[in-house]
Each structure stands twice: as C-alpha cells, then as structure tokens.
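Student: Need the 3D shape of this:
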Amino acid sequence: MSDINKNNTEKNEISIELSEEIAEGVYANLAIVTHSNTEFVLDFIRVMPGVPKAKVKSRIVLTPDHAKALLTVLKDNIDRFDSQGKTEVANGPIDIPYPLDFGNSKGEA
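Tutor: Numbering: from 1, shown residues only. So this is what the prediction gives:
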C-alpha cells in the first residue's frame with residue numbers, strides 16, 4: 001500500500017466508544033418520524049398496554065443525507081434478516097412497503 005493510501009485509510013478510521021448505560025439500550029415499541037427541510041427527527045416511545053400516556057424514551061435528529069443512509073443500511077439488514085427465513089414476528093408476518101413514503105412528514109412503525 002502506498003503512503004498516500006495508508007494515510008487515507010488511517011484518516012477514515014474512527015474509534016467509537018459505547019458506555020455501559022448506552023450499551024444497555026432502550027426498549028421502544030413505537031417510532032414517530034417527523035421532518036423539516038433540514039432534519040429528520042426520530043422519536044422512540046414505549047407504549048404500555050392500558051396506559052393512556054407514553055413518554056419519548058429517545059430522540060435522534062439526523063440530516064436528510066444521514067436519514068437516507070440509515071434507511072439504506074436498515075433495508076440491507078432487514079433483507080439479510082429475511083433471507084435467514086426469520087420473517088415472522090410475535091404478531092405474525094409484517095409487510096413493510098419499500099420504498100417508505102415520508103411524504104406526510106409523520107410516520108409510525
């Protein structure tokens with residue numbers, strides 16, 4: 001490898017830290033997506049049966065380019081998951097239309 005390629009490879013590496021608290025994750029069974037001209041907002045919510053109120057447990061704000069990249073990578077992972085024959089979920093098979101329609105600025109999953 002030339003020195004130029006080696007330097008480019010080293011510059012593109014990133015060290016990602018994951019704290020114990022974040023590594024535990026947050027359970028959510030509802031996601032609401034909204035967007036403006038400059039950002040997408042993903043709110044992850046935990047809804048409990050019989051409880052009329054729910055709190056947002058996590059909010060992620062993305063640029064449109066990063067939201068598109070997330071959609072691509074999520075679709076790729078879902079395709080790999082489905083290729084293993086694991087398309088059944090607790091409530092039966094799910095039908096996810098693709099491409100997803102974000103035209104109404106609010107979606108739920």
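
Student: buried stuff in stretch 39-47?
Tutor: Going by neighbour count (16 or more other Cβ atoms under 10 Å), the buried part of stretch 39-47 is 40, 42-45. Using the backbone N, CA and C atoms, a C-beta is placed for each residue, glycine as well.

Student: Could you tell me which of those are located in helices?
Tutor: Per DSSP state H, helices hold no members of those.

Student: possible to save those residues as a markdown table with pLDDT and distance to Gly25?
Tutor: As requested, these are exported to a markdown table (pLDDT from 0 to 100; distance: Cβ to Cβ, whole Å):
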| residue | pLDDT | distance to Gly25 |
| --- | --- | --- |
| Phe40 | 98 | 21 |
| Leu42 | 97 | 15 |
| Asp43 | 97 | 16 |
| Phe44 | 96 | 10 |
| Ile45 | 96 | 15 |
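
Student: you'd agree Lys57 is in a helix?
Tutor: No - assessed with DSSP: H, G, I helix; E, B strand; the rest coil, Lys57 is strand; it does not lie in a helix.
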